[in-house]
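Novice: Structure for this input, please:
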Amino acid sequence: MTPLVFIHGWGQSKQIWHQQQAQFPNAIFLNLPGHGGEPDSADWLKTLANQLPSKPCILVGWSLGGMLSMQLALAYPEHIKALALVSSTPCFSQKDNWAHGCSHKVLQEFQQGIEQQAAKTMSRFFALMFHGEGMERKQYNHIAHVAVNRGNPTSAQGMQEGLRLLADLNLRHDISNITQPTWIAHGEQDAIIPVQASAFLAKHIPHSTLHHFDNCGHAPFLTQTKTFHCLLESWCHTI
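Specialist: Residues are numbered from 1 along each chain as shown. Predicted structure coming up:
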């Protein structure tokens, strides 16, 4: 059986995958460096690559985790059998001829926020993930309670390095070299990474399949869990 490996996004931890941990008990769930109690690292890609199983795996990467998954697929193709990119993008920040990214002003505000009030900034970022879903406060509070590892907050270095990667990574001209089968999943109402970014991925990654979740924000695996699991499992069976 092909191993499944899940990689979370900036400022979170593998606890964000708690529902997937129940659904896929044999899967591997990685913490990014400086996240979820993991030590900091100067080389995130190598640190993640060293934790991949010896057998070629299916990488499931969310947001920044998806960007790193694409890098891993390009740098270590022999270790990656397929990719599942959830709410991800080839380029998080706005660039010339790339309007589907975060503005430099907003990135700067996040930078200032984590330097001055990191916990408050992360709470705002977490809330933004569910923007546009019309979620009741009770449901949001439950998700925030079970999906966030409050005992092991992201380190200052982990926050800074993650933001640097979000600001600097630009894979737009590299993704056409991804040879692995790729499933691309994105919420229509994603307020963090515009849904247009997923269409760009699907257009430029040769062997890709695209699915948009209606009435969904940045984390379909949290808010439309049953549908997410069904689609992911069905796609995995085609690999």
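
Novice: can you pull the contacts of the residue nearest the centre of the chain?
Specialist: Central residue of the chain (C-alpha atoms, centre = their mean): residue 62, 1.8 Å from the mean position. Listed by C-beta atoms under 8 Å, 6 or more residues apart in numbering, the contact partners of residue 62 are 6, 7, 8, 9, 16, 86, 87, 88, 219, 221. All C-beta atoms are positioned from the backbone trio N, CA, C, and that covers glycine.

Novice: Would you mind measuring the gap between the ends of stretch 86-104?
Specialist: By C-alpha to C-alpha, to the nearest Å, the extent of stretch 86-104 from end to end equals 23 Å.

Novice: what mean pLDDT does that stretch have?
Specialist: Mean pLDDT, stretch 86-104: 93.

Novice: Quick one: residues in contact with that stretch.
Specialist: So stretch 86-104 is contacted by 9, 60-67, 69-70, 107, 166-172, 174-175, 184-187, 190, 192-194, 196-198, 200-201, 204, 218-221 (C-beta under 8 Å, 6+ apart).

Novice: and those residues, which are buried?
Specialist: If you count burial by 16 or more other C-beta atoms under 10 Å, the buried members of the contacts of stretch 86-104 come out as 9, 60-67, 69-70, 107, 166-167, 169, 171-172, 175, 184-187, 190, 192-194, 197-198, 200-201, 204, 218-221.

Novice: Out of the residues you listed, which sit inside helices?
Specialist: 64-67, 69-70, 107, 166-167, 197-198, 200-201, 204, 220-221 (DSSP state H).

Novice: Show the contacting residues for the residue nearest to residue 221 when sequence neighbours are not counted.
Specialist: In space, and not counting its chain neighbours, residue 221 is closest to residue 228: 4.7 Å by C-beta to C-beta, 6 or more residues apart in numbering. By C-beta under 8 Å, 6+ apart, residue 228 lies in contact with 185, 213, 220, 221.

Novice: Please, where are all the strands along the chain?
Specialist: Remark: strands assigned in the chain by DSSP state E are 4-7, 28-30, 57-62, 80-86, 182-187, 208-213.

Novice: The longest one vs helix 196-204, what angle?
Specialist: Our comparison of strand 80-86 with helix 196-204, counting by axes from the mean of the first three to the mean of the last three C-alpha atoms, to 10 degrees, yields an angle of 150 degrees.

Novice: residues of strand 80-86 that come out buried?
Specialist: Applying 16+ other C-beta under 10 Å to strand 80-86 flags 80, 81, 82, 83, 84, 85, 86 as buried.

Novice: could you dump these to TSV with distance to residue 158?
Specialist: What follows is those, written out as TSV (distance: C-beta to C-beta, whole Å):
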residue	distance to residue 158
80	24
81	28
82	27
83	23
84	24
85	22
86	20
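
Novice: now for these, which pair is the farthest apart?
Specialist: Using C-beta to C-beta, the buried residues of strand 80-86 span at most 17.1 Å, a distance reached by 81 and 86.

Novice: remind me which residues of this protein are low pLDDT?
Specialist: By pLDDT under 70, the chain has no low-scoring segment.

Novice: List the beta-bridge partners for the closest residue to residue 168 other than its chain neighbours.
Specialist: Among residues not flanking residue 168 along the chain, residue 93 sits closest, at 7.8 Å (C-beta to C-beta, 6+ apart). Residue 93 has these beta-bridge partners by DSSP bridges: residue 102.

Novice: For residue 93, grab the count of nearby residues.
Specialist: For residue 93, the neighbour count with other C-beta atoms under 10 Å is 17.

Novice: Kindly provide the distance from it to residue 106.
Specialist: To residue 106, residue 93 is 9 Å away according to C-beta to C-beta, to the nearest Å.

Novice: And for residue 170?
Specialist: 17 Å.
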